[in-house]
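A.B. asks: 3D model of this:
(chains A, B, C and D)
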2 protein chains.
Amino acid sequence: MSEKFKPVVTENKSRSERIVSQIKSLMFEGKLKPGDKLPPERELAEIMNVSRTSVREAIKTLSAMGLVVIRKGHGVFVEEANLGSVINKVGDALILKKEEIEQLFEIRKVLETQGARWAAERATKEERLYIDRLVSEAKEACQQSDIRVEVITNHDTIFHNAVIAASHNNVLGMVMGGLMEALMKVRAKTMKVPGRVNQSIIDHEEIARAIMARDGKKASRAMYDHIESVEKSIIRENATRE
Amino acid sequence: MSEKFKPVVTENKSRSERIVSQIKSLMFEGKLKPGDKLPPERELAEIMNVSRTSVREAIKTLSAMGLVVIRKGHGVFVEEANLGSVINKVGDALILKKEEIEQLFEIRKVLETQGARWAAERATKEERLYIDRLVSEAKEACQQSDIRVEVITNHDTIFHNAVIAASHNNVLGMVMGGLMEALMKVRAKTMKVPGRVNQSIIDHEEIARAIMARDGKKASRAMYDHIESVEKSIIRENATRE
DNA sequence: AACTTCGGTTGGTCATACCACATACCTATT
DNA sequence: AATAGGTATGTGGTATGACCAACCGAAGTT
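C.D. replies: You can find the predicted model right below:
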């Protein structure tokens, strides 16, 4: 039999894919709003006339895309499909090759530098005070002898997030969130470099001062220096192993 | 029973999740490179001592994240991890709020401006010539009367991608790919604004000239002006509706 | 030589059973 | 009556085993 007798409309989509687009459509049309609970898998399978397997695979896909959240024993719930939820998932998917770490820092220098500038220019009084307090607390905590690395790492994350938040650009926060998550594995090690902790605190102090003074240019510059300093530590660390 | 008697290591991960991170680790360590073929599902299930179901759900997740591509009758193959693929799949359901669009453009100004600068400084001769040729072609195509909007929109995407690619920072490419995907829907409309097409071509020409001349500062500035010009068109368009 | 056929590999779907977690309700002990 | 404990039920998670559908390549046919 020759080629041309094959069915014309192939309908290439698999069943689970069709379920995915169907549910996405419902969300787009507003018939499924954030917070809504999807019918149980078994029920959904019956309604759509497919096996539970297919339904599960569809839901698994939607979950990986961040459009729904699965809660064992409760059900499947619709998530808000905003830029954030999507980009946040990106961190999971991002795998950093060693040569990409350098490029990531290039981006950080650009984005966080600008973020610090915006923070200095736009932060409310509360935000500025909060940032300042963060640094003070870290400085104190740092003087205790039994200080653990996790605490500092944690502070570092909070500090950077606070600055980004004060920049009043949510998209920036989302992007940085994704990138930092990807960098996490690498960064945990960084703080162990001798002197790194103290240097970071000093750097943060400088940045905070600039933001308090609402000096965008200075904040930007301080952030740049800080990131470059951290970068050198990480690159050096990573060069030793492998 | 008091809190402290709970098991210390909860190991919350489900089996499929564990398989996902296991495979991701292999990719991170370079033991699975793009193009590599994963063992068949049945085999994988046996190796890992789990059911085929779990393996399939794991692969489904990896696929949704864009880390692998599934080819029926062939097998599962490792893909290069790019941020765009994730967002790409969410596509229709993504809704950009107006304020997010503004913030997105703020980020674009920062990132693409820097990207243009890097492109001017780092592009190879071939890359520079390619960018230049792109603009020439678009200019010609633009003079035809029966020119369709899609063609120009397409050129615009290709041009911006080419500049980013010439910046020699892959991470930047991934981030921008994701962001632009999110902006797509909005942008398709922009080109319909009277005069927008011609203005874009002129802008691109200016950027290309600066890159050809390896003038980072000029390229950066030209890109900034271009994006700001596009932004105004989009904001104006979007303000009219809703 | 060109085409067809067929068997094996691999992902896709189905049906069923059972496990693990969460909640609400009910029971029995105090 | 108050509370600890169990139990029924609803929900997602996993395991089997069977079969379907796309693909490839080798063997067979014209």
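A.B. asks: Write out the residues of chain A neighbouring DNA strand D.
C.D. replies: A:10, A:38, A:40-43, A:52-53, A:56, A:59, A:70-76 (C-beta under 7 Å from any atom of the strand). Where you see a C-beta, it was placed from the backbone N, CA and C, and this is true even at glycine.
A.B. asks: what about the helices in chain A?
C.D. replies: Assigned by DSSP state H, the helices in chain A fall at A:15-28, A:41-48, A:52-64, A:83-93, A:98-122, A:125-143, A:149-166, A:170-190, A:196-212, A:216-240.
A.B. asks: which one of those helices has the lowest average pLDDT?
C.D. replies: Across those, helix A:83-93 has the smallest mean pLDDT, namely a mean of 64.
A.B. asks: coming back round to it: got a markdown table for the helices of chain A, with mean neighbour count too?
C.D. replies: Formatted as a markdown table, these follow (neighbours: other C-beta atoms under 10 Å in any protein chain shown):
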| stretch | mean neighbour count |
| --- | --- |
| helix A:15-28 | 18 |
| helix A:41-48 | 15 |
| helix A:52-64 | 22 |
| helix A:83-93 | 21 |
| helix A:98-122 | 21 |
| helix A:125-143 | 15 |
| helix A:149-166 | 18 |
| helix A:170-190 | 19 |
| helix A:196-212 | 20 |
| helix A:216-240 | 17 |
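A.B. asks: Which one of those helices lies nearest to B:Gly66?
C.D. replies: Of all the helices of chain A, helix A:83-93 sits nearest to B:Gly66, with 6.1 Å by C-beta to C-beta.
A.B. asks: re earlier: report the entries of the residues of chain A next to DNA strand D that also contact chain B.
C.D. replies: The subset of the residues of chain A next to DNA strand D lying close to chain B, counting by C-beta under 8 Å from any C-beta of the partner chain, consists of A:Thr53, A:Arg56.
A.B. asks: From the residues of chain A next to DNA strand D, list the ones also adjacent to DNA strand C.
C.D. replies: A:Arg52, A:Thr53, A:Lys72, A:Gly73, A:His74.
A.B. asks: measure the first one to A:Ile59 for me?
C.D. replies: Same thing as A:Arg52. As for A:Arg52, its distance to A:Ile59 is 10 Å (criterion: C-beta to C-beta, to the nearest Å).
A.B. asks: how about A:Ile59, what does it touch?
C.D. replies: A:Leu38, A:Glu41, A:Val68, A:Ile70, A:Val76 (C-beta atoms under 8 Å, 6 or more residues apart in numbering or on different chains).
A.B. asks: Go through the residues you listed and say which is closest to chain B.
C.D. replies: Checking the contacts of A:Ile59 against chain B with C-beta to the nearest C-beta, the nearest one is A:Ile70 at 9.6 Å.
A.B. asks: who's that closest one bridged to?
C.D. replies: Note on A:Ile70: beta-bridge partners by DSSP bridges are A:Val76.
A.B. asks: still on that earlier bit, and for A:Arg52 and A:Ile59, which residues touch both?
C.D. replies: Listed contacts common to A:Arg52 and A:Ile59 are A:Glu41; contacts here mean C-beta under 8 Å, 6+ apart.
A.B. asks: Number of residues surrounding A:Ser51?
C.D. replies: Counted with other C-beta atoms under 10 Å in any protein chain shown, residues neighbouring A:Ser51 total 12.
A.B. asks: My read is that it contacts A:Ala45, right?
C.D. replies: Yes - at 6.0 Å, A:Ser51 and A:Ala45 qualify as touching, with contact defined as C-beta atoms under 8 Å.
A.B. asks: Please report how far A:Ala120 lies from A:Leu134.
C.D. replies: 15 Å.
A.B. asks: Then A:Glu206?
C.D. replies: Per C-beta to C-beta, A:Glu206 is found 14 Å from A:Leu134.
A.B. asks: Find the residues that touch each one of those two.
C.D. replies: Contacts common to A:Glu206 and A:Leu134, judged by C-beta under 8 Å, 6+ apart, are absent.
A.B. asks: With distance to A:Met184 added, can I get the ones next to DNA strand C among the residues of chain A next to DNA strand D in a markdown table?
C.D. replies: Formatted as a markdown table, those follow (distance: C-beta to C-beta, whole Å):
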| residue | distance to A:Met184 |
| --- | --- |
| A:Arg52 | 35 |
| A:Thr53 | 34 |
| A:Lys72 | 25 |
| A:Gly73 | 29 |
| A:His74 | 28 |
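A.B. asks: Contacts only, for A:Arg108.
C.D. replies: A:Met176, A:Leu179, A:Ile227.
A.B. asks: For the second one, which non-adjacent residue is closest in space?
C.D. replies: So the one you mean is A:Leu179. Take A:Leu179 and drop its neighbours on the chain: the residue closest to it by C-beta to C-beta, 6 or more residues apart in numbering or on different chains is A:Leu104, 6.3 Å away.
A.B. asks: thought the one you found was touching A:Leu183?
C.D. replies: Yes - applying C-beta under 8 Å, one finds A:Leu104 in contact with A:Leu183, separated by 6.2 Å.
A.B. asks: Now for A:Asp215, how many residues are close by?
C.D. replies: Look at A:Asp215: counted by other C-beta under 10 Å, it has 16 neighbours.
A.B. asks: A:Ala120 is in contact with that one, correct?
C.D. replies: Yes - between A:Asp215 and A:Ala120 there is a contact at 5.8 Å, judged by C-beta under 8 Å.
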